[in-house]
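S.K.: below are the sequence and a predicted model for it; my questions follow.
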Amino acid sequence: MIEDETSSCSILLIDDEPFAQQIIEHGLRTCVKHVLHYESSPARAVDLVRELNITVVLVDLRMPDLDGFEFTRRLRATPDTEHVPVIMLSSEDDPEVKAQAFAAGVNDYMVKWPDPRELVARVQYHNDACIARRERDAAFVSLRLSQQQLAESQSALHQAQKMEAIGQLTGGVAHDFNNVLQIIGGNLQLLKLVGNLNEAARTRVEMALAGVERGAKLSSHLLAFARRQPLQAVVLNPGHLLREMDDMMRRVLGPNARIVTDIDPALWSTVADPNQLNNVLLNLAINARDAMGGNGSLLIRATNAGGAAAGRDAALPPGVPAGEYVLIEVADTGKGMPPEVLQRAFEPFFTTKPVGKGTGLGLSMAYGFVKQSGGEIVLDSEVGRGTSVRIFLPRSATEAAQPEAPSDVPLFGGLETILVVEDEEDVRSSTCAILSALGYEVLEACDAAGAVELVESGRHIDLVFTDVIMPGPVSSLQLGEAVRAHLPDAQILYTSGYAEGVLAHEGKVSASVHLLQKPYHPDALSARIRHLLRRGRAGTPQAASNSGATAA
């Protein structure tokens with residue numbers, strides 16, 4: 001075998017007479033950039049054509065075990081070699097033999113021994129044709145791949161646009177819905193507080209308040225999907241949260257289900273709203289319970305992924321940008337989802353459960369929360385093999401602090417002066433009535449401009465309770481600046497049912513900003529107000545406590 005490493009013409013000569021190699025090589029001496037391979041056994045030659053990436057085959061017609069006709073037929077019957085050019089060499093210049101050769105699939109026929117000029121010309125012609133065909137086939141494959149990738153990108157874009165449009169709609173509806181719930185709930189609580197109700201009436205009020213609570217949860221899920229939920233994000237270690245949720249998870253799944261918890265002891269920290277993360281994991285567990293029918297096995301796993309992670313899940317799945325993440329996986333052994341259901345699984349109100357058995361908001365809430373937290377969520381499911389939900393939350397550079405122990409604060413009032421700023425008259429009226437019933441001196445303003453006038457008038461105010469989104473030339477942020485300038489000892493408590501366009505950092509509220517989300521319960525309002533007023537009396541500088549107020 002004579003080789004030229006720069007060759008682009010790879011020739012295989014098949015002949016049972018070894019001297020044929022010398023004759024052909026001599027004839028090809030003017031054929032530059034070629035490699036001549038020799039094989040005496042045509043039975044092995046088909047494999048060699050594929051292995052050596054041959055571009056032209058020269059085959060003798062008459063050989064003892066396998067003649068040139070049968071070799072050509074075998075070559076044509078193999079997909080990898082069916083288009084490789086074959087030049088048959090024969091001492092027979094018989095038209096009938098030539099016709100049989102072309103019928104067998106040869107591309108050319110030459111009588112031994114051909115003139116070197118003719119040999120070189122025909123070899124180069126068929127070599128160029130073979131290379132051109134391969135380049136064309138590769139171009140078609142590349143084109144098909146590009147078309148497939150384009151179709152997938154268009155589908156992903158369409159899905160993203162659809163989810164964004166649904167998010168804008170649900171976010172706007174939830175904003176107005178929260179104000180309606182606040183009006184209903186506030187007046188019911190006021191009636192319960194000062195109405196001197198008999199037992200029957202109190203029962204009815206409690207039932208109505210339970211309905212308000214259900215509506216508030218529904219609105220919260222809608223805002224989470226729309227990524228308009230104000231998130232009180234903190235640095236946390238999800239492992240602690242998962243351990244604390246273990247008993248709750250077992251109660252949700254029931255006694256017949258098996259729960260496997262796998263938490264990496266070296267788990268990184270992340271930045272997220274612990275309450276919302278708790279809700280997401282609880283909803284995923286409920287979905288898993290329904291999918292498994294109360295039986296089966298649920299895996300709850302937390303590990304490090306991406307970057308320097310050395311675990312088995314260090315490699316990130318397609319669609320998740322490079323980086324370091326905390327991975328939380330909830331996987332069940334339920335009935336799974338078919339592809340058409342899997343494609344729509346994140347859409348709000350989409351559910352395959354019977355009427356009354358589910359709202360279709362569990363996965364959509366998880367999707368919105370994870371996206372708003374800067375992470376990614378990956379859903380894998382197969383019919384009969386269960387479902388896996390993997391949540392990737394970006395790693396935090398700082399370690400998680402120990403969370404404060406929650407404390408129950410009863411409904412409690414005071415004698416301080418509170419300025420309530422709210423453009424919804426019915427909301428403002430019920431809130432002011434509740435605060436008055438608790439003993440506070442209450443001032444009210446229908447917009448931020450009116451509130452600024454009161455602040456600048458020199459009137460003593462201990463706390464400003466203001467809505468975030470209000471009409472008029474003065475924003476709630478500018479109101480906060482006026483309070484810090486004229487009433488440095490006064491506290492600021494914001495309230496909102498909608499974060500879009502106001503809260504900075506993609507809806508993530510700084511821990512130094514005090515925000516009470518609508519609809520709020522009088523107990524929660526009372527507790528937050530007392531907490532802030534105690535901070536004020538303790539000498540906590542207002543500037544420090546509201547240093548992040550521009551994020552509200």
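M.R.: Sure, I can see it. Note that the coordinates shown come from a computational prediction; the quantities given were computed from them, not determined experimentally.
S.K.: from here on, contacts and neighbour counts on C-alpha atoms
M.R.: Will do.
S.K.: for the stretch 1-150 of the chain, what are the low-confidence residue spans?
M.R.: 1-7, 32 (pLDDT under 70).
S.K.: name the residues that touch the strand or helix carrying A449?
M.R.: Counting by DSSP states H and E, the element that carries A449 is helix 448-456. Contacts to helix 448-456, defined as C-alpha atoms under 8 Å, 6 or more residues apart in numbering, come from residues 419, 421, 444-445, 461, 470, 472-476, 479, 482-483, 486-487.
S.K.: show the buried residues in the residues you listed.
M.R.: For the contacts of helix 448-456, a neighbour count by 16 or more other C-alpha atoms under 10 Å gives the buried set as L419, V421, E444, A445, I461, M470, S475, S476, L479, A482, V483, L487.
S.K.: distance of the fifth one from H37?
M.R.: Okay, so that is I461. 97 Å (C-alpha to C-alpha, to the nearest Å).
S.K.: what's near enough to touch the nearest residue to N53 once chain neighbours are set aside?
M.R.: If the residues on either side of it in the chain are set aside, N53 comes closest to S10, at 7.1 Å by C-alpha to C-alpha, 6 or more residues apart in numbering. S10 makes contact with H34, V35, L36, H37, L52, N53, I54, T55, V56 under the criterion C-alpha under 8 Å, 6+ apart.
S.K.: output those residues as JSON lines; include the columns secondary structure and distance to R537.
M.R.: As requested, the contacts of S10 are exported to JSON lines (DSSP: H, G, I helix; E, B strand; the rest coil; distance: C-alpha to C-alpha, whole Å):
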{"residue": "H34", "secondary structure": "strand", "distance to R537": "93"}
{"residue": "V35", "secondary structure": "strand", "distance to R537": "93"}
{"residue": "L36", "secondary structure": "strand", "distance to R537": "96"}
{"residue": "H37", "secondary structure": "strand", "distance to R537": "95"}
{"residue": "L52", "secondary structure": "coil", "distance to R537": "87"}
{"residue": "N53", "secondary structure": "coil", "distance to R537": "86"}
{"residue": "I54", "secondary structure": "coil", "distance to R537": "89"}
{"residue": "T55", "secondary structure": "coil", "distance to R537": "90"}
{"residue": "V56", "secondary structure": "strand", "distance to R537": "94"}
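S.K.: and those, which is closest to P274?
M.R.: Nearest to P274, judged by C-alpha to C-alpha, of those is N53 at 59.9 Å.
S.K.: quick one: contacts of stretch 241-250?
M.R.: I259, P274, N278, L282, A285.
S.K.: next SSE after the helix holding A449?
M.R.: Heading C-terminal from helix 448-456, the first helix or strand you meet, by DSSP H and E, is strand 463-467.
S.K.: helices and strands around whichever helix or strand comes after that next one, which ones?
M.R.: Going down the chain from strand 463-467, the next helix or strand is helix 476-486, by DSSP H and E. The contact analysis (3 or more C-alpha pairs under 8 Å, 6 or more residues apart in numbering; DSSP states H and E) places helix 476-486 against helix 448-456.
S.K.: alpha carbons of the helix it packs on, as CSV, please.
M.R.: Extracted in CSV, the C-alpha atoms of helix 448-456 (Å, rounded to 0.1, in the frame of the first residue of the first chain):
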residue,chain,number,x,y,z
ALA,A,448,-49.3,59.8,47.7
ALA,A,449,-49.6,63.5,46.9
GLY,A,450,-52.1,64.1,49.7
ALA,A,451,-50.0,62.0,52.0
VAL,A,452,-46.9,64.1,51.3
GLU,A,453,-48.9,67.2,52.2
LEU,A,454,-49.7,65.7,55.6
VAL,A,455,-46.1,64.6,56.2
GLU,A,456,-44.7,68.0,55.3
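S.K.: enumerate every residue touching the residue lying closest to D108 once chain neighbours are set aside.
M.R.: Closest residue to D108 apart from its sequence neighbours, by C-alpha to C-alpha, 6+ apart: I87 at 4.6 Å. By C-alpha under 8 Å, 6+ apart, the contact set of I87 is V56, V57, L58, V59, V106, N107, D108, Y109, M110.
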